[in-house]
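1. What follows is a predicted protein model with its sequence.
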Amino acid sequence: MTARRCAAALAAATAVLGGAAPAAFADGAPSPAAVPPGLYGTKDPQYDGVFRQSLAFLAQEKAGVKPAAQAVTWLTGQQCESGAFTAFRADAAKPCDPKAMLDTNATSAAVQALVSLGGHDDVVKKGIGWLKSVQNDDGGWAYNPGSKSDANSTAIVIGALAAAGEKPAEVKSAKGGKSPFDGLLTFALPCDDPSPSGGGAFAYQGDLKTGKLYANADATAAAVTGSLGKGLTATAGPADAKGTACEKATTPEQAAHNGAAYLAKTLAPTGFLKSAMPGAADQPDFGNTADAVVALAAAGMPQQAKASAGWLAKNATAWAKENGPAAYAQLVFAADATGADPTDFGGVNLVKSLNATGPAPESVASPAPSSEKSDKKSDEKNDGISVWWIVGVGLVAGIGVGFLISGRKKNQQL
């Protein structure tokens with residue numbers, strides 16, 4: 001996810017939207033930024049520092065892990081006076097540069113993470129206030145304020161609003177009186193869309209020249225969870241009895257069903273989504289597959305969600321090791337949403353691996369005694385409740401927020 005953010009932004013500005021590349025990419029490769037103490041991961045944080053830190057905290061909260069105070073202080077210190085977050089501030093002691101690219105995705109992820117940690121009401125309130133101030137007339141949000149709304153950004157802001165105790169449906173644009181759900185519905189493709197398998201999907205954005213919508217699996221996964229009023233760490237929802245039939249969508253719930261049905265049909269042949277980046281058409285996209293798993297589980301389509309989570313368990317752990325904290329977090333979210341055990345996901349302890357990418361946590365949940373585990377396994381066989389879900393209920397204060405992520409601005413055609 002975050003490992004793809006800068007490349008995805010470039011793809012959005014060129015192949016997808018047909019515009020000029022962002023200034024950050026104008027001179028070729030981005031200049032490297034040092035990784036400061038307290039930040040998770042070892043790679044250049046210039047485009048994803050706040051995002052990967054936030055996802056790490058959200059995943060740790062799922063596992064009953066309390067991050068180091070140094071790590072939390074780093075994240076809260078990234079907030080600008082306005083309440084916004086940028087992707088990364090190298091020197092948080094200085095005021096935010098007036099020309100800095102303020103980032104709705106980073107802000108929304110940080111809000112969700114800090115809500116899950118608790119005790120950061122002032123930071124959260126300022127972040128939500130800023131997000132409301134940059135809502136577009138159509139009810140949605142852009143990745144950077146001042147641009148056109150997109151499905152991913154609108155969805156992740158919904159997750160932040162919900163996490164902070166707001167009612168997203170009541171957050172209306174100052175001009176036009178549109179809600180975030182109104183904004184999301186504008187990106188939903190109708191059931192009779194002529195493109196192959198496109199009916200019911202969401203587009204990232206309408207084409208800048210023609211306004212035409214193109215099915216985008218990443219945007220669809222984000223919009224499904226957003227349409228359900230959920231966020232990055234959405235948990236399993238009630239079973240959807242409608243199957244994978246597409247229906248005319250006039251409500252967010254209907255659009256979420258259609259989007260989930262599209263994802264289920266797209267994932268069915270292989271278990272994974274294919275990369276939409278140029279030159280990688282036949283390669284699996286691990287991050288988007290993990291996001292789709294969460295979306296399907298949230299929408300009440302557990303069969304395909306579990307099948308694709310199983311595929312991730314067999315194939316995605318090497319990808320997570322290469323890409324670091326955000327990738328581990330995405331797999332934790334997918335495991336949690338489908339009742340899998342993130343401490344034994346394809347033979348890998350995702351939680352331990354995630355913790356190792358940053359400063360030592362302040363506390364880590366203790367494993368259950370062996371006899372208790374046996375009882376839980378028995379319960380799992382009897383009533384279908386997973387071991388991890390039971391442990392999580394006892395250990396985690398639980399918030400269930402969640403999806404990212406509009407940094408994934410990719411080629412709109414799969």
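-> That came through, no problem. Numbering: from 1, shown residues only.

2. going forward, measure contacts and count neighbours with C-alpha atoms only.
-> Noted.

3. Scan this protein for its longest helix.
-> Secondary structure of the chain per DSSP state H: the longest helix is helix 252-267.

4. quick one: the residue nearest to residue 67 when sequence neighbours are not counted and residue 161, what's the gap?
-> Ranked by Cα to Cα, 6 or more residues apart in numbering and with sequence neighbours excluded, the top spatial neighbour of residue 67 is residue 361, at 4.3 Å. The spacing between residue 361 and residue 161, counted by Cα to Cα, to the nearest Å, is 27 Å.

5. picking that back up, figure out the helix or strand that the residue nearest to residue 67 lives in.
-> Using DSSP states H and E, residue 361 sits within no helix or strand.

6. what's the neighbour count on it?
-> Close neighbours of residue 361, defined as other Cα atoms under 10 Å, add up to 16.

7. That one is in contact with residue 65, isn't it?
-> Yes - counting by Cα atoms under 8 Å, residue 361 does reach residue 65; the two are 6.9 Å apart.

8. And for residue 126, nearest residue in space, chain neighbours not counted?
-> That would be residue 83: by Cα to Cα, 6+ apart, it lies 4.4 Å from residue 126.

9. Kindly tell me how buried that neighbour is, as a neighbour count.
-> Around residue 83 there are 19 residues (other Cα under 10 Å).

10. Contacts only, for it.
-> Neighbour list for residue 83: 123, 126-130 [criterion: Cα atoms under 8 Å, 6 or more residues apart in numbering].

11. can you rerun that using 6 Å?
-> 126-127, 130 (Cα atoms under 6 Å, 6 or more residues apart in numbering).

12. helix/strand/coil for it?
-> coil (DSSP: H, G, I helix; E, B strand; the rest coil).

13. Tell me how far it lies from residue 116.
-> 18 Å.

14. Over to residue 60?
-> 10 Å.

15. What of residue 285?
-> 28 Å.

16. and those two? which has more neighbours close in?
-> Each of residue 285 and residue 116 has its neighbours counted (other Cα under 10 Å); residue 116 has more, 25 against 20.

17. you'd agree the more buried one is in a helix?
-> Yes - Residue 116 sits within a helix when classified using three-state DSSP.

18. Read off the pLDDT value for it.
-> Turning to residue 116, the model gives it a pLDDT of 98.

19. try residue 276
-> In this model, residue 276 carries a pLDDT of 76.

20. Assign a three-state SS to it, would you?
-> Strictly by three-state DSSP, residue 276 counts as coil.

21. So it versus residue 234, what's the distance?
-> For residue 276, the distance to residue 234 - Cα to Cα - is 24 Å.

22. out of these two, which sits in the more crowded spot?
-> Ranked by neighbour count (other Cα under 10 Å), residue 276 and residue 234 place residue 234 first, with 28 against 23.
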